[in-house]
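Undergrad: Structure for this input, please:
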Amino acid sequence: METSPLGPSFFLVPPKFGTLAARLVPDLPVANSLPIIVAAAMIAVGLIAAYLPARRAMRVDPMLGLRYE
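TA: The predicted model follows:
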């Protein structure tokens, strides 16, 4: 299994990201921007977790995959 260099970079979110996200949704009653940052990080992790297996499956020959069913 390969490790991704993107994993540790999620913790290096710039401090201005929270204020930017709070300005995009002005009616959102959030005391601080931490929930918005956590939600964005979870969405990014979910997208990466879905993309990596799909990219690996694209490399398999369809006939080879159907042979083992």
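Undergrad: low-confidence ranges in this protein?
TA: Confidence mapping of the chain against pLDDT under 70 gives the ranges 1-22, 25, 28-31, 69.
Undergrad: Could I get the full set of helices for it?
TA: 6-9, 16-24, 34-58, 62-67 (DSSP state H).
Undergrad: would you turn these into TSV with mean neighbour count?
TA: The way it works is simple: take the backbone N, C-alpha and C, and place the C-beta from them, glycine included. As requested, these are arranged in TSV below (neighbours: other C-beta atoms under 10 Å):
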stretch	mean neighbour count
helix 6-9	10
helix 16-24	12
helix 34-58	11
helix 62-67	8
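Undergrad: From the rest of the structure, what touches stretch 62-69?
TA: Residues from elsewhere that reach stretch 62-69, judged by C-beta atoms under 8 Å, 6 or more residues apart in numbering: none at all.
Undergrad: For it, C-alpha coordinates in CSV please.
TA: What follows is stretch 62-69, C-alpha atoms only, in CSV (Å, rounded to 0.1, in the frame of the first residue of the first chain):
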residue,chain,number,x,y,z
PRO,A,62,-12.4,-5.7,-17.9
MET,A,63,-12.2,-9.3,-19.3
LEU,A,64,-9.7,-10.2,-16.6
GLY,A,65,-12.0,-8.9,-13.9
LEU,A,66,-15.0,-10.7,-15.3
ARG,A,67,-13.1,-14.0,-15.5
TYR,A,68,-12.9,-14.3,-11.7
GLU,A,69,-16.6,-13.8,-11.1
